[in-house]
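Everything below, folded, please.
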Amino acid sequence: QPPAADAQMQAVLDQLGKLGGKPIETLSAVEARKQPSPADAVKALLTSQGKPTAPEAVGKVENRTFPGPGGAVPIRIYWPKGATPGKPLPVVLYIHGGGWVIADLDTYDASPRAIANASGAVVVSTHYRQGPENPFPAAHDDTLAAYKWVLANAKSFGGDASKVAVVGESAGGNMAANIAIAARDQKLQAPVHQVLVYPVAGDDMNSPSYLENANAKPLSKPMMAWFARNYLGDMAKASDPRIALVKQPNLGGLAPATFVLAQIDPLRSEGETLAQKMQAAGTPVEVLKFDGVTHEFFGMGAVVDKAKQAEQQVGAKLKAAFASATSAASASTTAPAATPAGTPPTK
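Residues are numbered from 1 along each chain as shown. Have a look, this model is predicted:
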């Protein structure tokens, strides 16, 4: 049995059970996309408590698309509350979860809203092609293209292209880390920070957290195997270092990373391993681990205090990273010009 959820988390799980969803691993991808989600459970819980179900208010929300490798990709842009008009804001590229198969911008609407307000940044939430219709690496290709689009187009939505961070949940956390790696390897502008929320990071389904949480809700071992089959097709591809990030040969020279991990989650161990390997390679890492909560808890700030705490801590980390980017840029512009090599110093 997985560890016990705390009372607030259990209330969400109880509501999810009442919504009567079928086990994802028994369904086709098309059927699975119609099942009730943890976000639906949060709304049901708020209703049962007599509280409003309206999402967290932000400054503005706009739906757009950008041209991806396989066609137009839907994005949703969130501006924070209280932003100064005309002042360029830092930018967060947010990548939702769903095992590369299910979920969309609506399912994961709460997280980008919370991040926008907590960080004071414009958040661009991107969708991506999903399996089995669009197998690996389609989603990875789309999310890297989204990062490149943000760098090139930040000005068009009031963003500051010199201050871009990446945040992802679950499969999205995997793709956010892949963007940081690709930025290093392709010599792109590096993100100022990466926030990896319970990322998919390994291919070992017999890790301590997989064994402990094999039957956990809302994510179980059978569900993860189903996601892998539907996105990868061939299970041997799970060892590809873009999926099993812990097998990346070089995890150094990456943007500083904040990990958000949940105790009741099959993915916890691989998140811990990835954090350790990044740190050992010299990438600055901080791990925020929350007991008594499950996979998908982030974004549940309306009903789970630990989720609100996680959202606020992530917002603070991003604010600090954006401030560091500002001070580094101002230091470089005020530093005296270096003497070119081979030029004798003036007397």
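
List the buried residues for stretch 232-246?
Leu232, Lys237, Ala238, Arg242, Ile243, Ala244, Leu245, Val246 (16 or more other CB atoms under 10 Å). Backbone N, C-alpha and C define where each C-beta goes, glycine included.

Actually, stretch 10-29.
If you call a residue buried by 16+ other CB under 10 Å, then stretch 10-29 has these buried ones: Ala11, Val12, Leu13, Gln15, Leu16, Gly21, Ile24, Leu27, Ala29.

Figure out the length between the terminal residues of that stretch.
End-to-end distance of stretch 10-29: 27 Å, with CA to CA, to the nearest Å as the criterion.

for it, what is the average pLDDT?
The pLDDT scores in stretch 10-29 average 98.

Check stretch 170-183 too.
99.

Now secondary structure and pLDDT too, for the buried residues of stretch 232-246, in JSON lines please.
Formatted as JSON lines, these follow (DSSP: H, G, I helix; E, B strand; the rest coil; pLDDT from 0 to 100):
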{"residue": "Leu232", "secondary structure": "helix", "pLDDT": "98"}
{"residue": "Lys237", "secondary structure": "helix", "pLDDT": "96"}
{"residue": "Ala238", "secondary structure": "helix", "pLDDT": "97"}
{"residue": "Arg242", "secondary structure": "coil", "pLDDT": "98"}
{"residue": "Ile243", "secondary structure": "coil", "pLDDT": "98"}
{"residue": "Ala244", "secondary structure": "coil", "pLDDT": "98"}
{"residue": "Leu245", "secondary structure": "helix", "pLDDT": "98"}
{"residue": "Val246", "secondary structure": "helix", "pLDDT": "98"}
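
of the residues you listed, closest to Ile77?
Arg242 (26.7 Å; CB to CB).

And the helices in the stretch 51-200 of the chain?
110-119, 138-153, 171-185 (DSSP state H, counting those that start in this stretch).

among the ones you listed, which is nearest Met278?
Closest to Met278 of these is helix 171-185 (CB to CB; 8.6 Å).

Could you pull out the buried residues of the helix or strand that contains Val30?
Assigned by DSSP states H and E, Val30 belongs to helix 29-32. Going by neighbour count (16+ other CB under 10 Å), the buried part of helix 29-32 is Ala29, Ala32.

which residues touch it?
Helix 29-32 is contacted from outside by Lys22, Ile24, Val101, Ile102, Gln130, Gly131, Pro132, Glu133, Asn230, using CB atoms under 8 Å, 6 or more residues apart in numbering.

about what we covered before: wait, which of the helices of the stretch 51-200 of the chain is closest to Gly202?
Once the helices of the stretch 51-200 of the chain are compared by CB to CB, helix 171-185 is nearest, at 9.9 Å.

Just say helix, strand or coil for Asp291.
Classification of Asp291 by DSSP: H, G, I helix; E, B strand; the rest coil places it in strand.

still on that earlier bit, which is the next helix or strand following the helix holding Val30?
helix 38-48.

With mean neighbour count and distance to Pro52 as extra columns, can I get the helices of the stretch 51-200 of the chain in CSV?
CSV is the format used below for the helices of the stretch 51-200 of the chain (neighbours: other CB atoms under 10 Å; distance: least, CB to CB, whole Å):
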stretch, mean neighbour count, distance to Pro52
helix 110-119, 26, 14
helix 138-153, 21, 32
helix 171-185, 24, 27
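
Please narrow the buried residues of stretch 10-29 to those residing in strands.
Of those, none are assigned to strands by DSSP state E.

buried subset of the contacts of helix 29-32?
The buried subset of those (16+ other CB under 10 Å) comprises Ile24, Val101, Ile102, Gln130, Gly131, Asn230.

From the rest of the structure, what touches the one helix or strand the last one maps to?
Yep, that's Asn230 we're talking about. Using DSSP H and E, Asn230 maps to helix 221-232. With contacts defined as CB under 8 Å, 6+ apart, helix 221-232 is touched by 23-25, 29, 99-101, 130-132, 135-136, 139, 171, 205, 210, 213-215, 235, 238, 243, 266-267.

Would you check how far apart Asn213 and Gly168 are?
Taking CB to CB, to the nearest Å as the measure, Asn213 falls 20 Å from Gly168.

Any stretches of the protein with poor pLDDT?
Applying pLDDT under 70 to the chain flags residues 330, 332-347.

Can you pull up the most central residue in it?
Nearest to the mean C-alpha position of the chain, counting by CA atoms, centre = their mean, stands Gly168 at 0.8 Å.
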